[in-house]
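Asker: sequence isn't available, so here's the structure alone:
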């Protein structure tokens with residue numbers, strides 16, 4: 001969590017870094033956090049300037065973009081994929097010369113084996129950081145609410161680490177989201193909150 005106000009959490013697994021002006025130390029703190037599974041939250045605080053904190057934080061990461069979809073079929077079931085031990089939504093990085101809407105549709109179709117996916121409207125933006133090959137990445141994913149005709153059979157893209165793809169009824173969604181990333185849970189809940 002990034003903040004300009006000092007509040008010292010006291011939950012187990014919380015780490016706090018206050019008023020760090022050195023980007024190298026900030027990067028080392030984030031790397032240590034990412035490599036330590038016992039730590040659950042990292043609170044980075046700069047009481048002088050939130051804008052400076054945000055600039056420093058962004059400088060630590062390699063930035064990538066992705067597009068993905070929350071796909072509904074004829075009976076309003078939602079399409080989920082299972083990858084790396086979590087339920088997720090299909091998404092991926094753009095190919096050259098591809099805009100983010102094209103990316104979102106292509107990735108949904110490739111990762112689940114369906115076709116004819118149509119974008120209805122934007123559904124939100126998520127950001128998450130991760131460590132890969134000793135590099136810190138910050139992925140910004142642009143999400144779109146999508147529809148597909150009928151309820152097509154699904155084929156998970158195994159070579160992308162997807163071991164299951166499933167249509168999940170709205171009633172069953174809460175159970176699936178218990179084994180999903182928090183950002184996916186928030187995204188799905190917000191997308192269907194007013195329906």
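Answerer: Yep, it's here. All of these numbers come straight from a predicted model, not from anything done at the bench. Numbering: from 1, shown residues only.

Asker: just give me the longest strand of the chain.
Answerer: The longest strand of the chain (DSSP state E) is strand 118-132.

Asker: pull out the buried residues from it.
Answerer: Neighbour-count burial for strand 118-132 flags 119, 123-124, 126 (criterion: 16 or more other CB atoms under 10 Å). In this view, the C-beta of every residue, glycine as well, is placed from N, C-alpha and C.

Asker: neighbouring contacts of it?
Answerer: Contacting residues not belonging to strand 118-132 are listed as 30-31, 34-35, 61, 69-70, 101, 104-105, 136-148, 181, 183-184, 186-187, 190-191 [CB atoms under 8 Å, 6 or more residues apart in numbering].

Asker: at 7 Å instead, please
Answerer: Strand 118-132 is contacted by residues 31, 34-35, 61, 70, 101, 104-105, 136-147, 183, 187, 190-191 when judged by CB atoms under 7 Å, 6 or more residues apart in numbering.

Asker: what sits against the residue located most distally from the centre of the chain?
Answerer: In the chain, counting by CA atoms, centre = their mean, residue 48 sits farthest out from the average C-alpha position, at 29.5 Å. For residue 48, the contacting residues are residue 19, by CB under 7 Å, 6+ apart.

Asker: quick one, phi/psi of it?
Answerer: According to degrees, to the nearest 10, the main-chain angles of residue 48 amount to phi -80, psi -40.

Asker: quickly note the distance from it to residue 6.
Answerer: In this structure, residue 48 and residue 6 are 11 Å apart, going by CB to CB, to the nearest Å.

Asker: then residue 178?
Answerer: Note on residue 178: its distance to residue 6, by CB to CB, is 33 Å.

Asker: what about this protein, any weak spots by pLDDT?
Answerer: Scanning the chain for pLDDT under 70 picks out 1, 7-10, 12-13, 193-195.

Asker: need the strands for it, in chain order.
Answerer: 2-3, 14-18, 41-45, 62-72, 78-83, 86-88, 91-92, 118-132, 135-147, 162-168.

Asker: looking at the ones you listed, which is buried most?
Answerer: Most buried of the strands of the chain by mean neighbour count (mean count of other CB atoms under 10 Å) is strand 78-83; its value is a mean of 22.
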